[in-house]
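Novice: Everything below, folded, please.
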Amino acid sequence: MGINRPRGYLGIYDTIILQKGWCENCQCYSFVRKGILQCCDARTDSTPTAWKRESLATGIRRKPSPGYKREQLLAQDHRCFYCNILFGGHRSWKGKIVKVRIEWDHLVPFAYLQSNPDRNFVAACHICNRLKSSKVFQTVEEARAYVETKRLTKDQSMRLLCEGIPASS
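Specialist: Numbers count the residues shown, from 1 in each chain. This next block holds a predicted model:
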């Protein structure tokens, strides 16, 4: 009976993410470059199905530099990266009107990357940042769609509860 291994994963080396795949010839994981296992030049069609930390980083959370914050806020037009709401504006959340606060979100969650390069930060509203949590997405579009769905679902559930209607109806 063989060992059940993932065929491929993304290895995290501090701020570098590299694809790795299982080589049947060499019986080990190897780096993958343009569909070729680097151990013996065998072709692979493995798609990464997991993340794995391969080296330790500083492990200390920090915020982006002040210069980067200014640049990023200008690039995002002072709006949330995920829902596009203007920071300082108001939104309905859990049955209440709340002021939208800015938080600096790690695109690749700190829990996985364990470092804080400025280019990994986006300005997010406090609602979207908490909904995204430490989830990892293949694309920005996938992250935005997930956060939007979670936000609408949670807000709808709270609205129904406030109106005394069971959320399952």
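Novice: Could you chop the chain up by domain?
Specialist: As assigned by automatic domain parsing, the chain contains the domains 8-52, 66-162.
Novice: List the contacts of residue 146.
Specialist: For residue 146, the contacting residues are 132, 135, 137, by CB atoms under 8 Å, 6 or more residues apart in numbering. Bear in mind the C-beta positions are built from the backbone N, C-alpha and C, glycine included.
Novice: where does the chain have its least confident helix or strand?
Specialist: helix 110-113 (a mean of 74; mean pLDDT, DSSP states H and E).
Novice: Mind listing what's buried along that helix?
Specialist: Residues 110, 112-113 are the ones in helix 110-113 that count as buried (16 or more other CB atoms under 10 Å).
Novice: For the helix or strand just after that helix, list the C-alpha coordinates in CSV.
Specialist: From helix 110-113 onward toward the C-terminus, using DSSP states H and E, the following helix or strand is strand 121-125. These are the backbone C-alpha positions of strand 121-125, laid out as CSV (Å, rounded to 0.1, in the frame of the first residue of the first chain):
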residue,chain,number,x,y,z
PHE,A,121,-0.6,44.6,1.8
VAL,A,122,-3.8,46.1,0.6
ALA,A,123,-6.1,48.6,2.3
ALA,A,124,-9.3,46.8,3.3
CYS,A,125,-12.3,47.8,5.3
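Novice: Now do strand 121-125, average pLDDT.
Specialist: Averaged over strand 121-125, pLDDT sits at 95.
Novice: mind listing what it pairs with, with the direction of each?
Specialist: According to DSSP bridges, strand 121-125 forms sheet pairs with strand 102-106 (antiparallel).
Novice: ok now the partner strand, how far from the chain's centre?
Specialist: Mean-position distance between strand 102-106 and its chain equals 12 Å (CA atoms, centre = their mean, to the nearest Å).
Novice: residues of it that come out buried?
Specialist: By neighbour count, and taking 16+ other CB under 10 Å as the criterion, the buried residues in strand 102-106 are 102-106.
Novice: for stretch 107-123, same thing?
Specialist: By neighbour count on 16+ other CB under 10 Å, the buried set for stretch 107-123 is 107-110, 112-116, 120-123.
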